[in-house]
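Enquirer: Here is a sequence together with a model predicted from it:
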Amino acid sequence: MRRLARLTLLLWAVVPVILAAIVMAQHPFASPIIERTTTEAHLALTMAVARTVTPEWIGPRIEQALNGKDLQRLSLLNDMARENGVTLSASQRIRVDEELASLEGWRATTGNCIRCMRDVNACPDLTLIASCTIPFELSPAGDVAAVSRQTLNWLKGEEVDEVDAALGALGIAATATTVVSLGSGAPVKMGLTTLRVARKANAISPGLRRSLIAASKTEGGLRKALGDANRIRNSTSSGEVLVILRHADDVDELSRLARLSEVAGKDTRKALEALGKPRSLRLLNRVSDLTVAAIGLLALITAQIITLAHSILKLMLRRAIAPGRNR
């Protein structure tokens, strides 16, 4: 029985050290954070949003959207409340329905469409951006208008928007390429148009603007940014991409938002609204299993060392006290 006990104690002390040595040999802390799979990330985002969207959370935000006449955000919050089973107060429900009713009907749609074509910032409904603004901007006329606008600014001695001018010029070239290549240049053209409309909508942050200018000077840099903009548009919509682009501070963050949009799909804006950008992007990653195992083994070895030190100290104290008792 004593041999079995000694063997058990020996294994308890030695096995964790051996396992830790094997795990550490695989460099678990070299890449401690890894990407979740699409399914894992989508589940993590969905659960986090469901925990966040409560009556206490959504009520004040709907009130803020109502007071600010922000119909885009109001529509989004209304959908989030319905999907998460949150019931608004009777008075708030009436006000929300009245505001959203202004977007319905052919007269309202026609009037809002004209407003969107004139000024994308005045567009009350994101779906109208896709049906009214994008078609014009996607045409050669939209590119020519952008180049002409910046050329006129240059002639007047006013500030020239380098991004708008460059995207317009590249758009004209992409149109020609698309025609010659029988459509193979269409993704590039769409990406250019998306960024140009975003620029008109003030949806490109100063940091992203500087990053795009720098990317345009490197081989393939701008093409990657265009690809990321297209990934967001394909995963969400032509209107929603403008709102999501506002969160990108540089081209690297644009790529991470593209990954988020591929995971969350049509719920990307909802995730950003409920969780914020930092938390939404963090949920795309997790600590690797190997790192978790390494931390667990190191914690176990540390506990063993502390236990052993405690036992030795206790034994030393007993021996120190024993002679005094005998006297």
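Expert: Here it is on my side, so go on. Treat the numbers as computed from the prediction; the structure is a model and nothing was measured.
Enquirer: report the longest helix in the protein, please.
Expert: Ordering each helix of the chain by length in residues (DSSP state H) puts helix 289-326 first.
Enquirer: Tell me the helices and strands packed up against that one.
Expert: For helix 289-326, the packing partners by 3 or more Cβ pairs under 8 Å, 6 or more residues apart in numbering; DSSP states H and E come out as helix 2-24. Glycine gets a C-beta too; all of them are placed from N, C-alpha and C.
Enquirer: hmm, who's touching stretch 253-267?
Expert: Contact with stretch 253-267 is made by 35, 38, 41-42, 45-46, 49, 208, 224-225, 228-229, 231-232, 235-237, 244-245, 247-248, 268, 270-272, 277, 280-281, 284, as judged by Cβ atoms under 8 Å, 6 or more residues apart in numbering.
Enquirer: Check which residues of the host helix or strand of Glu99 are buried.
Expert: Assigned by DSSP states H and E, Glu99 belongs to helix 90-101. Buried residues in helix 90-101, counting neighbours by 16 or more other Cβ atoms under 10 Å, are found at 92, 95-96, 99.
Enquirer: Now intersect the contacts of stretch 253-267 with the helices, please.
Expert: Under the assignment DSSP H, the contacts of stretch 253-267 contribute 38, 41-42, 45-46, 49, 208, 224-225, 228-229, 231-232, 235, 244-245, 268, 270-272, 277, 280-281 to helices.
Enquirer: of the residues you listed, buried ones?
Expert: Buried subset of the ones in helices among the contacts of stretch 253-267 (neighbour count, 16+ other Cβ under 10 Å): 41-42, 45, 49, 208, 224-225, 228-229, 231-232, 235, 244-245, 268, 270-272, 277, 280-281.
Enquirer: Now do the same for the residue most central in space within the chain: its pLDDT.
Expert: In the chain, the residue lying closest to the centroid (Cα atoms, centre = their mean) is Leu257, at 4.0 Å. Note for Leu257: predicted pLDDT of 95.
Enquirer: What of Pro323?
Expert: pLDDT, read off for Pro323, is 59.
Enquirer: Are we agreed that the residue nearest to the centre of the chain is in a strand?
Expert: No - secondary structure of Leu257 (DSSP: H, G, I helix; E, B strand; the rest coil): helix, not part of a strand.
Enquirer: Would you mind measuring from it to Thr218?
Expert: 20 Å (Cβ to Cβ, to the nearest Å).
Enquirer: same thing with Thr39?
Expert: Thr39 sits 34 Å away from Thr218 when distances are taken as Cβ to Cβ.
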